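> okay, here's the prediction I keep looking at, along with the sequence it came from:
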Amino acid sequence: LAKHPLPLSPCSKPSTARSQFDEAGEFEVIHPFHPLLGQRFELLTRHVNWGEDRVMYRDEEGRVRSLPASWTTAAAVDPYVVLSAGRSLLHLRDLLALADTVRAQLSERASEGAGGVK
């Protein structure tokens with residue numbers, strides 16, 4: 001399988017930022033809760049799929065898989081994460097959205113239980 005010399009970008013203008021890929025065209029999974037955390041893969045290509053910047057790679061069985069680029073070293077480093085110096089990996093807005101989702105789910109379950117609907 002031939003390596004793609006440069007990652008594809010959703011931007012039409014060339015970037016002046018340094019590439020997050022090493023010379024071998026690999027990336028590492030850095031999402032703290034992903035089961036592939038710390039594993040390195042050869043970058044096959046990079047596309048915007050399902051409205052999200054994603055990297056494509058082959059798993060151990062040779063199947064083409066994809067991950068959000070933001071979960072890998074392929075994406076630019078999030079300034080919030082850098083400034084928090086490892087103390088916080090999650091943005092406040094994401095935590096508030098999660099809390100709203102959990103609250104809604106609990107409310108829905110409570111109303112189903114009260115109405116006898118299961």
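Great, that's in hand.
> tell me which stretches of the chain form strands.
26-28, 40-42, 45-49, 52-58, 64-68 (DSSP state E).
> want to throw these into CSV with distance to Leu90, mean neighbour count and mean pLDDT?
C-beta here means a position set from N, CA and C on the backbone, and glycine is covered the same way. Converted to CSV, the strands of the chain look like this (distance: least, Cβ to Cβ, whole Å; neighbours: other Cβ atoms under 10 Å; pLDDT from 0 to 100):
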stretch, distance to Leu90, mean neighbour count, mean pLDDT
strand 26-28, 20, 19, 94
strand 40-42, 24, 16, 96
strand 45-49, 24, 15, 90
strand 52-58, 18, 18, 94
strand 64-68, 15, 15, 95
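> what's the closest of these to Val77?
Relative to Val77, the nearest member of those by Cβ to Cβ is strand 26-28, separated by 12.7 Å.
> on that earlier part again, and of the strands of the chain, who's closest to Arg87?
The closest approach between Arg87 and any of the strands of the chain, judged by Cβ to Cβ, belongs to strand 26-28 at 21.5 Å.
> neighbouring strands - and their directions - for that closest one?
Using DSSP bridges, the strands paired with strand 26-28 are strand 40-42 (antiparallel).
> residues touching the partner strand, excluding its own?
For strand 40-42, the surrounding residues in contact (Cβ atoms under 8 Å, 6 or more residues apart in numbering) are Lys3, Ala24, Gly25, Glu26, Phe27, Glu28, Val29, Val55, Tyr57, Arg58.
> can you tell me which of those residues lies nearest to Glu112?
Distances from Glu112 to the contacts of strand 40-42, taken as Cβ to Cβ, are shortest for Val29 (37.6 Å).
> what's the closest non-adjacent residue to the closest one?
Take Val29 and drop its neighbours on the chain: the residue closest to it by Cβ to Cβ, 6 or more residues apart in numbering is Leu36, 4.3 Å away.
> surely Pro68 is in contact with Asp53?
Yes - applying Cβ atoms under 8 Å as the test, Pro68 and Asp53 come out as touching, 6.9 Å apart.
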